[in-house]
Structure formats: structure tokens, C-alpha cells
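J.: Structure here, sequence nowhere to be found:
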């Protein structure tokens, strides 16, 4: 069953059409990567799905329900979580508080001003577990803004997965990381998204072809191919539009 | 454990202070402090905790206060029968109602939009308070008598000291409630929304709703402060809800330190003292207050409390004593510089032919007085600059962990 269906999705800013008539089905449990050259509209597509941008036309169905043009917090409550390309955490709150805040809604606290956080045992235990899972338990008291870059990325991921969402969207999770940091991050992502639907944008092709069950190629706001990695590798259109320019040796051959 | 200890100390201080400072003036200053602390804490629910810069917080203080005076009048006219000890609650509930209405549209955005709406609403209410005479009493304001209600365990609140203990009890209760609010999901999400409203939306929270909740609580506690003001002074005027009062509470919270729960309390105490004590000595106290605010913003962005908290690391390292000498050395030229500057400012303000400053006779018309003060100020400033590097070094040493302490003998 498709967990996410995009039907004829378009987005314009003024006269510029950033996303053009995108239709895509993502199956539950699938690891789906979206690739494409810079400026192809990958982040815009993420923002449309998660409610940050309004949709110009078309529809988005999550678990069969339309979610286009709904505010981000409603979409998040339905079980669709995301991370950001530019680290987007709560810089003055401690690492512990960052994760705890991300857990609050899913654990049913809503806007409560009659519960004391210090006494919420299940909540605090779950926060500790998550901190261990993302490897930041040593840093729990530090303000999140003072973490090193790779640690902030781990926290970013931790905030995204904390709610236990069924579908997780990661926008360039390993961008700007060193080789070893990226390797750790990929392991972490695999571990925490096991059994869930993962959609990610990533530029590192090794990681994409390694992790993804399915790859969609977005060029100038249009999906030109969506298939399993082995078929994408052999797809002439993709090679011409995208992979060709990253492998300059081919041009001389 | 430490937490309960500090609450106990707070309660003891509230009980004991008027027994130490017994004069009528000091009890009246203590009353002002109680009111100011509740008001400043309620303001910090917006600015420090929720990231909402308000230029119109006096609206909720003033409206609560006016309603409290009307409640006192109702008791006086025997239209209602309840103890005046509950008057602050009347103020609080009315502040809450006002905040419910105004917050419903003003908390849509934080930042400049929120600040401008708060300024506009503040001006609007202050202006209409002069027009709507039946509720606000025009320029004269409205007044009432707090002694008419049924006595509370034999107290009729005719004495200032009785009002003090009532205000202190409300202060303690309000402080506990506001502290507990910071420990709830709504309070913590207020911090999260302050830090990053966008991300808060992606973890399931409407930033607007989170701000709105903080806003109505803030209005409630500001109203309680207004009710305490009504009890203490028995009169409210347009001054209590205009921009000056709003600006004053901003100064309290900022000078005290926005990032700490006790910051606004410190600020409220310091500003009340400046307000009531310094104004006895000089007409220019507002100028000094302004200078103090500018200097705080420039050099102590985390306020007076932040400055004190900077000393936690040296204290934990057991190196606080290393700072004593450099502080003392810097303090001497600083004090001389400040005093010379104050003398210059006061002398330029003075109309009298001779002017007495700290027992030194100065002549505003004489070149010698001006020259001497300028030379002293300049020399002190140069000396101050010279002491700073050693202070900085001492600060660095005091904040560094000794790596090999066992090798030193």
C-alpha cells in the first residue's frame, strides 16, 4: 500500500515553476531516495510534502488522507517527520530538552500546563533511550547550539525520529560531513529508521545507491525516472541529465 | 534539595525583611518590590521564556489594577462581600481576560510584528483610558479604600505592614506558580518556540498556540501585580498602563537578566531601589537609570544575574579567590571615574553658585572645578584601562582547569 501519493503536484513562485506536475507513489517500508542536480527542486518538494510551503496545484495523500496545504504541525501529528538540510534545532535548550520537546506531542502531553516534566517518568526514560541511540548521552546537558557539526546533525536526526513517526524525510542528512562521520551517520540512519518509510535527498551517490530501495530522479522540477537502483544506473535519460555531468570521464570516452 | 532550600530562604527573607527594615519608608519600598517582582516575572514569561518582546505589558497590569479598584469600590458600597485578600485574584482574572482577547491576534507572529502590535495596543488602551471616564476615571484616575471588607483573621489592612505581608504571600504564591509553569510541557515548548518557531511546528506544536498560552498566563500574573498595586496605593491612574510603565518593566527584566528565572526578580529589586532611593538624592536619576541600561545591554547582555552566574565556573574550580585582588584593583579607578563623571553631570545640572559633592565644594562657574574633574576623570579612565589586562588574565586563569595539579607543590 502506498503510504504517500503525490498526484500532479505543482509549485510556482511568481511565474517560475519549481515543481512541475510531479506524481509519485511511495510504498510503506520503502527506502526512497530523491536525487537530482542542484536547483532541481528537491528541497522544495520536501517543503511541499511537510507543509512548509503551500501547494499551487495537485494533491498529496498521506495514508490515504489529503495533507496538502495543511500546517506543518498537523502533518507532523499524523506521523510524518522530517529533518532539515540546514541544521534546525533549538540552540539554547540543552540536548536533553531538544529530544524531550520532540517527544512531547507523541506522548500525549499536548499543551499541558498541569504536568511537571520532572515527574514524567516514561517521557524522561524514553528521552534517555533516544540520547543513547543517537550517541549524545554524554552531551545531554550542553546547549544544543554548542555541539560540534556532526553532533548537531545527529541531534537533528534524533528530533526527527523522536516522535516515532511512520515516515521520515531526511534532507541531505550527511551533507558537510567527513567520510568517517558520514559512515557513522549512515549506520545511525539505518538503525533508527529500520521498519519505517524513509525518503531522503542526498548528493553522495555511494550512499544513495547503497541505502535506497528505490530512486527518483528530479530534474527541473520533473521526475524523469523512478525505479530500483540498478535500473536507474542504466537509464540513458538519467545519465544524460544528471549522472553524466558528475562523471566527466564519460565525456572523453 | 537545593531547590527547596532556595524556596525556604526566599520565604524566610520575605517574612524577616520588614522586621529588619522597620521604617515606614522601607516597608513602602518593600511593598513596591513585591509588586515589581510579580510584574517583572510575568513580563519575562513573554520575553525571556517565550521570545516575545512586548512594549505594552502595562496594559494587563493597569487593567487588572483598575478592575481591582472597582472591586474594592464594590466592597465599599456593599455590592459585593469578600475579603480584600482576594483582590489580586480579581486583577489577575481581568488581566487574563484582556490577554485572551488581545493575545488572540497578537501572538500570530513573534519578533517585530508582535512588538509593534503590543506597542499599538498599549497606546490605544492608554489613550482610551483618558476618554472612557466611567471605568478609568480620566486624568484623576479612580481610588478606593481597602479597609472596608470583612476583616481577615482580625486584620483590616489599614497598616502598610499588613499590606506587605499580604503582598508577600501573593508574591510567593505567584512566583511558585510561574516557576512551575516553566517546568510544564507548555512552558518548555515556549522556550523551544522562542529558539526556533519553525522547528517547533515540525514536532507537532503550533507556535502560535504555544505563544498564546504563555501570553494569557503572563497577562494573568501581570493582573495580579496590578491588583497588588491597587491594594497598596488604593488608586490607579493612566500612568499605570502607559508606555512608561511598560518600558520600566522591560528595563527590570533586561537589567536583571532575561535568561534566568530569578533575573527579573533581581532587576525588580535593583530598579525599585534606584527608583525610590536614588530619586531622593538627585533629579537626574532617570539619566543614570538610562546609562545603566545602555551599559548593561553593551557589556552584560545576560544582565546582572548573568554576571553573577559567570562566576560559577571559578567557584566550582575553587579559584574564586584569585579574582578578589584584580577586582579590587579595578574597582578603585572605576569608582573614581564614575564619581568624577557623576560630579560633572550633576554640576552641569546645578543652578546654585556653589555645589556640594561628597563634601567637596565645587563651583559650576569656575574653570578650576571643571578642569580638575575632567583631569581626574581622564586619569581614572586611563588607570582603569591599565588594570583591565591583569583582570582579564586573572579571569582566564580562574576559568581554566589545572591539568597537572599534583606536580605543583
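T.: Right, received. Where do you want to start? A quick note: this is a predicted structure, and the numbers were derived from the prediction, not measured.

J.: List phi and psi for residue A:86.
T.: phi -90, psi 130 (degrees, to the nearest 10).

J.: That one and residue A:152: what is the separation?
T.: Taking Cβ to Cβ, to the nearest Å as the measure, residue A:86 falls 10 Å from residue A:152. Any C-beta I mention is one placed from the backbone N, CA and C, and that applies to glycine too.

J.: When the two are compared, which one has more neighbours?
T.: residue A:152 (20 against 10; other Cβ atoms under 10 Å in any protein chain shown).

J.: If we ignore the residues flanking it in sequence, what's nearest the more buried one?
T.: In space, and not counting its chain neighbours, residue A:152 is closest to residue A:87: 4.7 Å by Cβ to Cβ, 6 or more residues apart in numbering or on different chains.

J.: how many neighbours does that neighbour have?
T.: Around residue A:87 there are 18 residues (other Cβ under 10 Å).

J.: check contacts around residue B:198.
T.: A:52, A:72, A:88, B:207 (Cβ atoms under 8 Å, 6 or more residues apart in numbering or on different chains).

J.: Correct me if wrong: the last one contacts residue B:195.
T.: So the one you mean is residue B:207. No. Contact criterion Cβ atoms under 8 Å: residue B:207 and residue B:195 do not qualify, at 10.9 Å.

J.: more crowded one of these two?
T.: Higher neighbour count among residue B:207 and residue B:195: residue B:207, with 26 against 21, using other Cβ under 10 Å.

J.: Report the separation between whatever residue of chain A ends up closest to chain B and residue A:9.
T.: Nearest residue of chain A to chain B: residue A:105, at 3.3 Å (Cβ to the nearest Cβ). Taking Cβ to Cβ as the measure, residue A:105 falls 27 Å from residue A:9.

J.: Neighbour count: those two, which is higher?
T.: Comparing residue A:105 with residue A:9 by neighbour count (other Cβ under 10 Å), the higher total belongs to residue A:9, at 24 against 21.

J.: give the contact list for the more buried one.
T.: Applying Cβ under 8 Å, 6+ apart, the residues near residue A:9 are A:19, A:21, A:22, A:23, A:45, A:48, A:55, A:57, A:58, A:59, A:60, A:68.

J.: from what I can see the fourth one touches residue A:6, true?
T.: Yes. With contact taken as Cβ under 8 Å, residue A:23 and residue A:6 are classed as touching, separated by 5.7 Å.

J.: Now do the phi/psi pair for residue B:154.
T.: phi 90, psi -10.

J.: ditto for residue B:235
T.: phi -150, psi 140.

J.: Skip the chain neighbours and tell me the closest residue to it.
T.: residue B:143 (3.9 Å).

J.: what about residue B:55, helix or strand, and which?
T.: Under the criterion of DSSP states H and E, residue B:55 resides outside all helices and strands.

J.: Now do the contacts for the closest residue to residue B:363 other than its chain neighbours.
T.: Excluding its sequence neighbours, the residue lying closest to residue B:363 (Cβ to Cβ, 6+ apart) is residue B:369, at 4.9 Å. Applying Cβ under 8 Å, 6+ apart, we find residue B:369 in contact with B:347, B:362, B:363.

J.: Name the SS class of the first one, please.
T.: Three-state assignment for residue B:347 (DSSP: H, G, I helix; E, B strand; the rest coil): helix.

J.: Give me the distance between it and residue B:285.
T.: 16 Å.

J.: domain assignment for chain B?
T.: B:2-300, B:312-401 (automatic domain parsing).

J.: chain center to the shortest one, what's the gap?
T.: The reference is to domain B:312-401. 26 Å (Cα atoms, centre = their mean, to the nearest Å).

J.: before we move on, what about stretch B:83-98?
T.: Using Cα atoms, centre = their mean, the offset of stretch B:83-98 from its chain centre is 21 Å.
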